[in-house]
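*Asks:* structure for this input, please:
(2 chains, ligands or ions: 2)
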Amino acid sequence: MTFDWHVMIPVLWLALGQTFQMIGMALVLTIVVGLPVGVLLVTTDRGGIFEAPFGSRRFGAGLHAVLGFVVNVGRSLPFIILMVALIPFTRLVVGTSIGPVAAVVPLTVAAIPFFARLVEIALREVDGGLIEAAKSLGATRGTIVWKVLVPEARPGIVLGLSTSVISLLNYSAMAGIIGGGGIGDIAFRYGYQRFDTAYLITTIVLLVVIVQLIQSIGSAVARRLSHR
Amino acid sequence: MITITNLQKSYPRANSRGSDVHALRGIDLHVEEGEIFGVVGASGAGKSTLIRCVNLLERPTAGTITVAGQNLTQLSDGELRTARQGIGMIFQHFNLLSSRTVRENVQFGLEIMGLKKAEREARVTEILELVGLSDRASAYPSELSGGQKQRVGIARALAGNPKVLLSDEATSSLDPQTTDSILQLLKDLNRKLGLTILLITHEMEVVKKICDSAALIDDGRIVENGTVIDLLNTPKSKISHALFPLGESHGSPGHTIVEMMYAGELAERPIVATLSREFGIDVNILGAAVENVGDHRVGRMRLELPGDRASNEAPIARLRDSGLFVEVLDDVMPDASSGVVR
Ligand SMILES: Nc1ncnc2c1ncn2[C@@H]1O[C@H](COP(=O)(O)OP(=O)(O)OP(=O)(O)O)[C@@H](O)[C@H]1O
Ligand SMILES: [Mg+2]
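*Replies:* Ligands and ions are numbered 1, 2, ... in the order given. Okay, here's the model as predicted:
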C-alpha cells in the first residue's frame, strides 16, 4: 500500500467536487420541496391551520393521508432500489442516467421524504399557544407558517438539515457506483475493484471528517438559533 | 362593548360511546365600555371556552358575539382577522415567540397590520415605556421573569391600540407579588387608555382587586352576574361569599342568623354594641371580614341573635334602618367559602 499523493490528490479532488455538486443540488431541491411538505404534513393534520383548506375538511384530510402515504413509500425503499427503479424517470428529466447531475434525481427523491419527516418533527415541537396568539393578533395562515411555525422550529429544522446532508452523502456514494461519480465511485473503483487500500483508507478518512464537520456546524448553528 | 347572547358551544364526543361535551349552555353577558369584567368559576366550568369564543378562536355552536358593535359570528375570514386586530389577548403561559426579542415580539401584531418599519419602531418604544420594559427591549423571552414575560404579552396585545383586552388566566402562573404588579398594570391601562378588559380567572383575589363587574360560571351557565358592589349587596351571592369567606358556622337551634354588609363610613360604627344595648340581647358574632374591594372599603358580618325569627323583627328592622344591608339566613348555612373556586 502506497500513498502516492501526486496521483491521488487530483483524483480525490475531482471526486470531492462531484460529491459536493450532487449533494448541493439535491439539497437545494430537498429544502424547496421537503420544507413545504413537512409544513403540510403538520398543518393539514386534525387541529392544524390547514385542516380544512378552501373550507373543505375532506380535502385537508385527503391531502394529509396522501402526503403521509407518499412520504412513507419514499422512505420504505432502500436507496439502491429507488435509484434503479428511477432510471427511466431520470432519463426523462435529465436526458441521461449517468453522471453527477443524473444522480441528483434519485438523491432528491430519497431525501425529500426523509427531510420532510424531520421538518414535521421539528414543527410539532412548536407550542400550539403561539399559533393561538398569532391568530388573536389577526394573522393569516401564511403568516402563521412563515413567521411563527418555521422560525420557532428553526433549530430543529437545521438539525434535520444536517442529518439530511449526511444521508445524502451516504446515498451519493451509492449513486457514484452506478455512474454518478464522486467519493463513493473512487472507493468502489480503486478500493474495491483494484484493491488499492490507500484510496479506500483515504476516502474513509475523508468521509468521517466531512460528516463530523457537517454535524458540528449543524449543531452550532442550531444552538445559535435557539433562544428557548 | 362586548355583548354575548345565547352563546353555546359543544364539542363532539371523542368516541362512539361518549356523549357530546356541552361546554357552554347558553351564555348571556354584557361588558360595558371601559370596565374590567371578571368571569370566575370552577375548573371545567367553561371559562376558557367562553373567552376563546369572544374572539372566535373557538367557533360557537350557536349564539352571537358582538364586540364594538360588530357581530363577529357573521364575518368572513378576512373581516374576522381585521376585527381581531381590535381585540387584544393575553395568556396564562404568555405565548411569546422564543425566536424573537421583546421588541420583535411586540412588533408582531403591527407587522400583521402592515405598519411601516419606522411606525412600528416608534409604537414599540411607546408601548414598552407604558408597560415598564424599555430596558429589556433587546432581550429574548427566555431571559425574562414571568412577570416581565406577561408585560411583553400585554405590550404585544396592546400595540395595535385595541379597544378590548381579553385575559385568559393571565396571572395564574405568577407568584402573588408579581400577580399584584400585573393586576395594577392592567388597572392603570384600563384607566389611562379607557381599555375594556374581560378576564377569566379562578382567583377571587383578581376580582377583589381590579374588577368592576363579575360573573360566576358553573357548568356552562352564568349563575351570577353584576357589578361587584351589587354582588356584595346580595348576601347569598356565591361570589361575595367567596370574596368574603366568613368560614363555616351554623347557628344553634332557637337562634336567628343574620348577615349584613356595610360599606364606607358604616364600617366605623359599633353596630354590635349598639344592638346589645338597645335591645338588651346577647349578640354573638359568628364571623366578620373587612376588606378593600377595588376602591371601596367593605365589611360583612354574620350575627347570631337569641330567639326565633319572629322575636327578632325589631332588632333586624333597627339594623336596616341604620343603612345596613341585612339578610336573614336559613337555619343551616351552606358552607359559604367552598364551591366557587377550584
Ligand atoms: N377541545 C376540546 N374538546 C373537547 N372538550 C373540551 C375541549 N375544550 C374544553 N372541553 C371541555 O369543555 C369543558 C369546559 O372546559 P374549559 O377549558 O372551558 O374549562 P375552564 O373553566 O377553563 O377550566 P379550568 O379552570 O380548568 O381551565 C370541560 O368539560 C372540558 O373538558
Ligand atoms: Mg381554563
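*Asks:* which parts of the chain are helices?
*Replies:* All of this is about chain A. A:5-43, A:57-76, A:79-85, A:87-94, A:100-124, A:128-136, A:141-143, A:150-175, A:183-186, A:197-225 (DSSP state H).
*Asks:* correction: the question concerned chain B.
*Replies:* Along chain B, counting by DSSP H, helices occupy B:47-54, B:77-84, B:102-113, B:117-131, B:146-158, B:176-193, B:204-210, B:228-232, B:238-243, B:271-279, B:313-321.
*Asks:* list the contacts of B:E119.
*Replies:* B:E119 is in contact with B:L110, counting by CB atoms under 8 Å, 6 or more residues apart in numbering or on different chains. C-beta here means a position set from N, CA and C on the backbone, and glycine is covered the same way.
*Asks:* relative to B:E129, how far out is it?
*Replies:* Using CB to CB, to the nearest Å, we find B:E119 at a distance of 16 Å from B:E129.
*Asks:* same check, this time on B:A263
*Replies:* Distance from B:A263 to B:E129, counting by CB to CB: 37 Å.
*Asks:* same question for B:T49.
*Replies:* The gap separating B:T49 from B:E129 is 35 Å, by CB to CB.
*Asks:* show me which of these two is the more surrounded one.
*Replies:* Neighbour totals were compared for B:T49 and B:E129, and B:T49 leads with 23 against 11 (other CB atoms under 10 Å in any protein chain shown).
*Asks:* confirm for me that the more buried one is in contact with B:R25.
*Replies:* No - if you go by CB atoms under 8 Å, B:T49 and B:R25 don't touch, sitting 10.8 Å apart.
*Asks:* where does chain A have its least confident helix or strand?
*Replies:* Within chain A, no helix or strand scores below helix A:183-186, which has a mean of 86 by mean pLDDT, DSSP states H and E.
*Asks:* name the helices or strands packed onto it?
*Replies:* helix A:5-43, helix A:150-175, helix A:197-225 (3 or more CB pairs under 8 Å, 6 or more residues apart in numbering or on different chains; DSSP states H and E).
*Asks:* for ligand 1, find the nearest of the ones you listed.
*Replies:* helix A:5-43 (17.8 Å; CB to the nearest ligand atom).
*Asks:* which residue is the nearest non-sequential neighbour of residue 4?
*Replies:* No chain was given, so I picked chain A. Excluding the flanking residues, the one nearest A:D4 by CB to CB, 6 or more residues apart in numbering or on different chains is A:A198, at 7.3 Å.
*Asks:* my question was about chain B, not that one.
*Replies:* That would be B:L29: by CB to CB, 6+ apart, it lies 4.3 Å from B:I4.
*Asks:* the least confident helix or strand of chain A: how far from the chain's middle?
*Replies:* With CA atoms, centre = their mean, to the nearest Å as the basis, helix A:183-186 stands 20 Å off its chain's centre.
*Asks:* now what about it, what contacts it?
*Replies:* With contact meaning CB under 8 Å, 6+ apart, helix A:183-186 is reached by A:11-12, A:15-16, A:18-19, A:172-177, A:199, A:203, A:206-207.
*Asks:* show me the two of those residues that sit farthest apart.
*Replies:* Within these, A:V11 and A:M174 form the most distant pair, 19.5 Å apart (CB to CB).
*Asks:* the two: which has the busier surroundings?
*Replies:* Neighbour totals were compared for A:V11 and A:M174, and A:M174 leads with 21 against 14 (other CB under 10 Å).
*Asks:* now do the contacts for the more buried one.
*Replies:* By CB under 8 Å, 6+ apart, the contact set of A:M174 is A:F79, A:I80, A:M83, A:G184.
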